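Asker: Only the shape, not the letters, is given here:
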DNA sequence: TTTGTTTGTTTAAAAGTTTAAGCATATTTT
DNA sequence: AAAATATGCTTAAACTTTTAAACAAACAAA
């Protein structure tokens, strides 16, 4: 064991006590002023020149500013030696640009969003932007807080996977001329930039796929929300049933609450497996619903795909381990992230850019869970 | 469909073309100066007073600064009306504090880290801090870049799940007196703050648990890395075998590369299932290894826990869907995140704080995968 | 009446950067 | 020789906020 390190049994409380929103328990003293880092002024002083010169050289503007070769190299050397790093805060204040993007996702615990977050971070870095991120946990209020905080930090623009009822927050952003791009979620009432898939069509296709494999009584689980993308998925499902002359029993639709997912899902699965209803397939509205549904399906020992066909929006690493790997509509995080960053940066460059909706393709990945009721193919 | 929105089939390339590090393909024009937001000066000008007054009022320092009640309310009203929001960039420049924490994780795609990231973000928010985050993908170089970028943005401190060979980067931070706290990963050679579990003991316990359930030839898969936490886990496994008088065959250890996980894991599983070696249980060094291993185990139709006992460090939502839900050593993200933020804020407040290692408990969660070779319990 | 205190406000400097404009000298062009 | 241009550097203002110090006016105490 290492000496010099205070090894100390910690007194941290038991894990897993979440929920109960708590107030700051520990009083943390006010932050101390940190040690000063070398500034351009320090370099200038050392060499007995003006800061302007230092700035020109260190920004590679020697040519335009006609700095002497000799001087330039002395400045560079001194900067190197002092381990000078530009203070981006000061630069931002001066330029009015922070080279910072705000990313707000509905739920960072959802792997779909964490994958996107990662892509966006990488993508932003390629353009020298840094990402400030937050998760609003599908809460309107938290979303507003995050927008405020990031906005106060002068982010140059936002990428937002919006929670329900946040239209007014977005309208406010629009009114302030702060550029932003919606991903995944969108609002018909808002004329804004967005990157998304054609949800209606994807759901329609998924149902078609199930029908093609012989399923006839197709249920769907959606979140109980007014969010347009979810409603479009629902509409796609409904219309597909209609087009294929299948009975559309309202009981086949499960509306699951964000905050009561487990309970609602349990009821829903029970209901659709009743002899009277006897769904033979389910379309899940997203990967979190599928995850929850799969748990219930496992518990009941329902065999997939023989007794129940299953397909869902979004992949999830967990789907590989279900006894029948799930078929799913793949929303490619790379495409969404890249398109969102690109669209946002264009808008930052040209705030008057016409509003645009970028559609990303969502291919259907076919695996075991929709092989049909006839076992063995 | 909505009018006013340009609906446009996108021309985005096929998903999944990752790898090949690419240069910025699209030239994005330089950002335009964004629309000016109202400043204290604007409020002051409107009311014909000095900015000092505005600052005092809007910071609730009317008392100390003896601002007139009448004036105070006029200022507040004007601020409200103009929708004034303080410019945190300017405030940071003035105060030398950004109320920003830099979070660098080894891999944000690992749910263990994304869970921690979420906790840290929440926790930071409670103390009015914002999190700037980045994932270094286990790359030394990327880690250095991130530290530089965030450091240039004057973060008040760092929380870091370090990649291999980053000791010098951390030493540099220490030398610059920039506060930071390591999580999960640590280095014996560095006297720094850290929050972690007792890896040696946890591994030791896991092996004890397997032995208790009748397993005798216990393999272990670790990352092929010099990272101390992994080596401690390995040491715990080895010592436990020794203490229990079990043969410790070097072939029972699998060293898996970060960048060749799939291939290495395949070879490893093949090897330990050879008649000559015939491992009857595996301890995985973390959840990513377990995920990869489980895929191979599934493919080969190996029955868990009858033919092979399985236990791992970290949970993972996917483990629920494996035919035998995995037993695992639970590293509680809440505890780690809370402890890290708390320790960091204390250090920011008092940079001379003595270095501390906080140990978080990692309880063993017992499930199906270690029920023993005797089927049916 | 002088001195002292209270009240309400302004001034000014500071944080680190950027950049247009200015000012000498020296060199070239007419 | 006068005018124009080139070279190498400095000055100064701006971005927004904070806060110590100064100031003026009104009032109270001596």
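Answerer: Good, I have the coordinates. Quantities reported herein were computed from a predicted structural model and do not represent experimental measurements.

Asker: For stretch A:63-72, buried residues please.
Answerer: A:67, A:71, A:72 (16 or more other CB atoms under 10 Å in any protein chain shown). Glycine gets a C-beta too; all of them are placed from N, C-alpha and C.

Asker: ok, those vs DNA strand C, which is closest?
Answerer: DNA strand C has its nearest neighbour among the buried residues of stretch A:63-72 in residue A:67, at 10.4 Å by CB to the nearest atom of the strand.

Asker: That closest one contacts residue A:56, correct?
Answerer: Yes: using CB atoms under 8 Å, residue A:67 is in contact with residue A:56, at 5.5 Å.

Asker: re the thing from before, which one of the buried residues of stretch A:63-72 is nearest chain B?
Answerer: When those are ranked by distance to chain B (CB to the nearest CB), residue A:72 comes first, at 21.9 Å.

Asker: wait, that closest one sits on residue A:57?
Answerer: Yes: if you go by CB under 8 Å, residue A:72 and residue A:57 touch, sitting 4.9 Å apart.

Asker: How about residue A:28, nearest residue that isn't a chain neighbour?
Answerer: The shortest distance from residue A:28 to any residue that is not its chain neighbour, by CB to CB, 6 or more residues apart in numbering or on different chains, is 4.4 Å, and that residue is residue B:345.

Asker: Within the helices and strands, which one has the most centrally placed residue in chain A?
Answerer: Nearest to the geometric centre of chain A sits residue A:113, at 3.4 Å (CA atoms, centre = their mean). Counting by DSSP states H and E, the element that carries residue A:113 is helix A:111-126.

Asker: Off-centre distance for that helix?
Answerer: Remark: helix A:111-126 is offset 8 Å from the chain centroid, using CA atoms, centre = their mean, to the nearest Å.

Asker: go on, stretch A:69-88?
Answerer: 40 Å.

Asker: Then stretch A:332-351?
Answerer: In this view, stretch A:332-351 has its centroid 13 Å away from the chain centroid, taken as CA atoms, centre = their mean.

Asker: how many other residues sit next to residue A:260?
Answerer: The tally of other residues near residue A:260 (other CB atoms under 10 Å in any protein chain shown) stands at 12.

Asker: State the distance from it to DNA strand D.
Answerer: When distances are taken as CB to the nearest atom of the strand, to the nearest Å, residue A:260 and DNA strand D turn out to be 42 Å apart.

Asker: Model confidence at that residue, what's the number?
Answerer: Listed pLDDT for residue A:260 reads 96.

Asker: is it true that it lies in a helix?
Answerer: Yes: in this structure, residue A:260 lies within a helix as judged by DSSP: H, G, I helix; E, B strand; the rest coil.

Asker: Against residue A:253, how distant is it?
Answerer: Taking CB to CB, to the nearest Å as the measure, residue A:260 falls 16 Å from residue A:253.

Asker: So for the residue nearest to the residue nearest to the centre of chain A when sequence neighbours are not counted, what pLDDT did the model give?
Answerer: Counting by CB to CB, 6+ apart, residue A:105 is the residue found nearest to residue A:113 once chain neighbours are left out, at 4.2 Å. Note for residue A:105: predicted pLDDT of 94.

Asker: Just the strands from the stretch 201-350 of chain A, written as ranges.
Answerer: Listed in chain order, the strands found in the stretch 201-350 of chain A under DSSP state E, counting those that start in this stretch are A:218-223, A:253-256, A:281-284, A:309-313, A:327-329.

Asker: Nothing else from me, thank you.
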